[in-house]
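> Sequence below, structure please.
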Amino acid sequence: MHGLRAYLLRRLILLLFVVVSVLTILFVLFKLLPGNPLSVFIDSNYSDEMVQRQKRLWGLDDPLWLQYVRYMWNMLTFDFGTSFFQMTPVSGIVIEKLLHTGAMIVPAVVLSVVLGALLGSWLGWRRGSRQEGAVVVGLLALRSVPSFFVGILVLMVFSYQLGWFPPGGMVSIGGHQESFWETILTLDFLGHLILPCLVLMTREITSPALLLRSTMLEVKGSDFLDILRAKGLSERRIRVHATRNALLPLVTDIAVMMGFLFQGQVLLEIIFAWPGVGRELVSALNDLDYPVAQACFFVMALIILVFNFIADVLYGFIDPRVAYD
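Alright, predicted model coming up:
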């Protein structure tokens with residue numbers, strides 16, 4: 001237990017160091033971006049005195065080190081300020097967009113893990129068969145195709161050509177705007193969710209399927225399966241026991257998958273006009289809405305780091321063979 005506490009402490013310190021490094025890089029990048037954030041508030045009719053007043057208002061006339069210290073404190077305390085364009089707290093905007101992104105990602109991850117695990121278990125058990133070879137080739141092909149290409153193709157065929165699904169968004173244009181939890185329980189939302197969810201699944205199902213196939217091949221030759229056969233258990237029951245023992249690497253894979261999906265869904269949100277955090281990030285960069293853009297960058301990076309941290313910790317709790325030195 002002492003080793004686990006020491007390991008968690010080291011990981012937390014490393015996590016904090018990476019977070020500070022990410023925030024520092026963001027601070028430098030936004031300082032180097034072309035354009036002036038004050039252009040949102042001033043025009044050619046402003047006098048020099050009025051421009052200086054705006055700089056003092058936003059703290060842009062302070063020394064660079066003071067801007068950095070204030071920026072780090074605000075970001076680490078999740079005080080993201082006010083949006084230049086929407087004139088509302090950035091934290092509220094980010095939370096809303098994160099919920100929208102989660103509404104698209106979580107169903108895709110759940111379906112990918114469940115179906116991928118079943119498929120991977122079957123592939124591992126059918127090692128060497130023609131069906132196994134054909135399915136593995138198909139999975140590798142799906143994994144190599146960019147999600148944005150699949151998204152554009154699916155949108156063209158099933159939305160614009162066949163008209164089976166809405167072309168984009170979370171709800172229909174002109175529909176009644178309800179709260180988030182009321183919205184996701186409507187059939188209208190479900191119709192908008194199907195296409196982006198399926199596109200995410202085409203890639204994400206490959207990871208659990210191929211991973212579980214590999215672990216099933218290792219478990220398949222274990223001695224305990226011979227003992228189960230000697231007891232007279234059916235092949236179906238034996239396969240269930242083998243699958244349970246092969247699920248360990250899948251747990252950590254889920255955490256890593258969730259983290260990377262929050263950064264990889266940006267193009268899909270643009271293609272499907274999904275009002276998530278990735279689309280909001282692109283809009284904020286186009287509008288020079290620095291507070292919103294910085295908050296979106298930071299939150300997306302933090303989610304990836306936290307899920308990776310969870311994956312490391314979970315592996316140790318699930319597998320007693322893992323030793324913390």
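
> now the helices for the stretch 101-250 of the chain?
With DSSP state H, counting those that start in this stretch, the ranges of helices along the stretch 101-250 of the chain come out as 130-144, 147-154, 180-183, 187-204, 206-220, 223-230, 235-246, 248-264.

> Present these as CSV; the columns should include mean neighbour count and mean pLDDT.
C-beta here means a position set from N, CA and C on the backbone, and glycine is covered the same way. Converted to CSV, the helices of the stretch 101-250 of the chain look like this (neighbours: other CB atoms under 10 Å; pLDDT from 0 to 100):
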stretch, mean neighbour count, mean pLDDT
helix 130-144, 13, 79
helix 147-154, 17, 81
helix 180-183, 14, 73
helix 187-204, 19, 83
helix 206-220, 21, 75
helix 223-230, 12, 64
helix 235-246, 16, 66
helix 248-264, 19, 71
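
> of these, which approaches residue 67 most closely?
Set against residue 67 and scored by CB to CB, the helices of the stretch 101-250 of the chain come closest in helix 248-264, at 26.7 Å.

> which helices and strands sit right next to that closest one?
With contacts taken as 3 or more CB pairs under 8 Å, 6 or more residues apart in numbering; DSSP states H and E, helix 248-264 sits against helix 90-125, helix 187-204, helix 206-220, helix 290-318.

> so can I have CSV of the ones you listed showing distance to residue 274?
What follows is the helices and strands packed on helix 248-264, written out as CSV (distance: least, CB to CB, whole Å):
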stretch, distance to residue 274
helix 90-125, 6
helix 187-204, 6
helix 206-220, 22
helix 290-318, 14
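
> Which among these is found nearest to residue 9?
Comparing the helices and strands packed on helix 248-264 by their distance to residue 9 (CB to CB), the top pick is helix 290-318, with 11.9 Å.

> what mean pLDDT would you report for that closest one?
The average of the pLDDT scores along helix 290-318 is 80.

> how far is that helix from where the chain is centred?
Relative to the chain's own centre, helix 290-318 is displaced by 9 Å; criterion: CA atoms, centre = their mean, to the nearest Å.

> helices or strands next to that helix in the packing?
Applying 3+ CB pairs under 8 Å, 6+ apart, we find helix 290-318 packed against helix 2-32, helix 64-76, helix 90-125, helix 248-264, helix 277-286.

> at 6 Å instead, please
helix 2-32, helix 90-125, helix 248-264, helix 277-286 (3 or more CB pairs under 6 Å, 6 or more residues apart in numbering; DSSP states H and E).
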